[in-house]
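Trainee: Return a 3D structure for these sequence lines:
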Amino acid sequence: MTQVVLNLPPGVSLADFQTVKPEPLVAIEPAVLLEGYPQVGTPEDVAEHLQLRPDAVRQLCRESKLRAIKVGNLWRIPKAWLEEFMLAGGTAGDEE
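Mentor: The predicted structure follows:
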């Protein structure tokens, strides 16, 4: 069993703290998040919509975690595949 030790200032007890319930998470439809995303986008487009770095998006593509098409040395991500990735919680393509 793990023991937790709290170092509270003198005169302060745990009863002084209020328990706060977190707000429930709100699900947002991919269509709303992908408003303005082209039918076939680049890693930069995906990065902008998912608030990631383009290099992180390319890594997801290389690891087949995000379905993509490679044309020469350029990645292209169709909107439908990005929606699939988002609905799967970022695990589309992980089929082990």
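Trainee: end to end, how far does stretch 49-64 reach?
Mentor: One end of stretch 49-64 sits 19 Å from the other (C-alpha to C-alpha, to the nearest Å).
Trainee: buried sites along it?
Mentor: Applying a neighbour-count criterion of 16 or more other C-beta atoms under 10 Å, one finds 49-50, 57-58, 60-61 buried in stretch 49-64. C-betas here are computed from N, CA, C, even on glycine.
Trainee: Name the next helix or strand downstream of the lengthiest strand in the chain, please.
Mentor: Here the longest strand in the chain is taken by residue count, with DSSP state E as the criterion, and it is strand 74-78. Sequence-wise, the next helix or strand downstream of strand 74-78 (DSSP states H and E) is helix 79-87.
Trainee: other SSEs contacting that following helix?
Mentor: If contacts are counted by 3 or more C-beta pairs under 8 Å, 6 or more residues apart in numbering; DSSP states H and E, helix 79-87 sits against helix 30-33, strand 40-41, helix 43-50.
Trainee: Check the offset of it from the chain's centre.
Mentor: Relative to the chain's own centre, helix 79-87 is displaced by 12 Å; criterion: C-alpha atoms, centre = their mean, to the nearest Å.
Trainee: would you list the helices and strands packed on helix 79-87 in TSV and tack on distance to residue 18 and mean pLDDT?
Mentor: Below are the helices and strands packed on helix 79-87 laid out as TSV (distance: least, C-beta to C-beta, whole Å; pLDDT from 0 to 100):
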stretch	distance to residue 18	mean pLDDT
helix 30-33	34	78
strand 40-41	45	96
helix 43-50	35	93
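Trainee: Reformat the ones you listed as CSV; add distance to residue 75.
Mentor: Shown next, in CSV, are the helices and strands packed on helix 79-87 (distance: least, C-beta to C-beta, whole Å):
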stretch, distance to residue 75
helix 30-33, 19
strand 40-41, 9
helix 43-50, 5
